[in-house]
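Undergrad: what would the 3D arrangement of this be:
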Amino acid sequence: MSKVSAGLLLYRRRGGILEVLLAHPGGPFWARKDSGVWTIPKGEVQAGEEMLAAACREFEEETGAQPHPPFVELGSITQRSGKIVHAWAFEDDFDPRGLHSGTYETEWPPGSGRTARFPEIDRAEFFDLDAARMKLIESQVELLSRLEEAVARRTSGGRASAVNSP
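TA: Numbers count the residues shown, from 1 in each chain. As a prediction, the model looks like this:
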């Protein structure tokens, strides 16, 4: 059975430009990788947990910031690994210098029998949509198009599918 994750795509508007907050995975495997490895803050949904509640919990654990409604549903995507990611967006500003990520433990170096602790994400940055398309994991790029459409609908007076609370 595929793993299921939920995440939030934080966006802001600066001078008419739509920007999104992306997270770079922490740990030694990702240290020298850039294009195509960034992600939206997301994580595994626990048994019995509501998807949006999981997305909010994971966002806070990975960034240290509290998300808030309204949330715009972006649907789901399937990553190459088979993991299904359900996503929502919300508008806010965040200073990436205030990033406070949770950690994970893994054997490092591989085969050494020693474990080391690493941040889940080692940095977060805002990118305009063109740059974000280059940075994101390929399967998550579709979420940017969905966000762009939802923001355009809201700006033109249309209704995006908004949810007020997790």
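Undergrad: the strand ranked longest in the chain - contacts with which helices or strands?
TA: Across the chain, the longest stretch assigned as strand under DSSP state E is strand 4-14. For strand 4-14, the packing partners by 3 or more Cβ pairs under 8 Å, 6 or more residues apart in numbering; DSSP states H and E come out as strand 17-25, strand 42-44, helix 51-63, strand 84-91, helix 141-155. C-beta: built from backbone N, CA, C; applies to glycine.
Undergrad: change it to 6 Å
TA: Counting contacts by 3 or more Cβ pairs under 6 Å, 6 or more residues apart in numbering; DSSP states H and E, strand 4-14 packs against strand 17-25, strand 42-44, helix 51-63, strand 84-91.
Undergrad: what residues does residue 147 make contact with?
TA: residue 89 (Cβ atoms under 6 Å, 6 or more residues apart in numbering).
Undergrad: repeat that for 7 Å
TA: 9, 11, 20, 74, 89 (Cβ atoms under 7 Å, 6 or more residues apart in numbering).
Undergrad: the longest strand of the chain pairs with which strands?
TA: Looking at strand 4-14 with DSSP bridges, its partner strands are strand 17-25 (antiparallel), strand 42-44 (antiparallel), strand 84-91 (parallel).
Undergrad: buried ones in that strand?
TA: 4-11 (16 or more other Cβ atoms under 10 Å).
Undergrad: same deal with stretch 41-60?
TA: 41-43, 45, 51-52, 54-60.
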